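1. structure of the sequence below:
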Amino acid sequence: AARHSKTLNSQLQAELNTFVQGNLRLMRLSSLLWVLLAFTFSASCVAQKVTQNQPDISSQVGQSVTLNCWYETSWSDYYLVWYKQLPSGQMTYLIQQYSEYSNARDGRYSINFQKADKSISLIISSLQLEDSAKYFCALCDSQC
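-> Predicted coordinates for the structure are as follows:
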């Protein structure tokens, strides 16, 4: 049993020391599909247009990564939210940015919000294997 445990520990260590490839994925959604997804989270959360056209990203455990999102809206005040889709398909809230506030930060997640450019980036620092997922941004007219 001890030998088997050492083998497993060696395998885990090897995984931690290699690149996390092809797992930090961004998915492009049509506006209609995104409206349906956003509606699932909150009845008041309706997207106008959100674009994520970044290719798959690979990075190393312990490093940081930046995920980009662009949007179009006629609203003067709004919220932008980042979600992570777990392998089970469940969507998990990560961080939220209000249009009138400076860049948000929560633990390893931080935002680079450029209202004039209508862009928002999610920066994930100190990457962990658990960060391998699909990431989505949403645009809401009230808190999501």
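2. what pLDDT does residue 17 get?
-> With respect to pLDDT, residue 17 has a value of 37.
3. what stretches of the chain score poorly on pLDDT?
-> 1-47, 54-55, 144 (pLDDT under 70).
4. mind listing the helices for it?
-> In the chain, the helices defined using DSSP state H lie at 2-16, 31-41.
5. which residue is the nearest non-sequential neighbour of residue 59?
-> Of all residues not flanking residue 59 in the chain, residue 65 sits nearest, at 4.6 Å (C-beta to C-beta, 6 or more residues apart in numbering). Backbone N, C-alpha and C define where each C-beta goes, glycine included.
6. that neighbour: neighbour count?
-> Neighbourhood size, residue 65 [other C-beta atoms under 10 Å]: 17.
7. what about it, distance to residue 104?
-> Per C-beta to C-beta, to the nearest Å, residue 65 is found 17 Å from residue 104.
8. try residue 110
-> For residue 110, the distance to residue 104 - C-beta to C-beta - is 7 Å.
9. which neighbours do those two share?
-> residue 95 (C-beta atoms under 8 Å, 6 or more residues apart in numbering).
10. for this structure, what spans make up the strands?
-> 19-26, 49-51, 57-60, 65-72, 79-85, 91-98, 105-106, 109-114, 119-124, 133-140 (DSSP state E).
11. what packs against the fifth one?
-> When contacts are defined as 3 or more C-beta pairs under 8 Å, 6 or more residues apart in numbering; DSSP states H and E, strand 79-85 packs onto strand 65-72, strand 91-98, strand 109-114, strand 133-140.
12. give me that answer again for 10 Å
-> helix 31-41, strand 65-72, strand 91-98, strand 109-114, strand 119-124, strand 133-140 (3 or more C-beta pairs under 10 Å, 6 or more residues apart in numbering; DSSP states H and E).
13. can you check the third one too?
-> In terms of contact count using 3+ C-beta pairs under 10 Å, 6+ apart, strand 57-60 is assigned the packing partners strand 19-26, strand 65-72.
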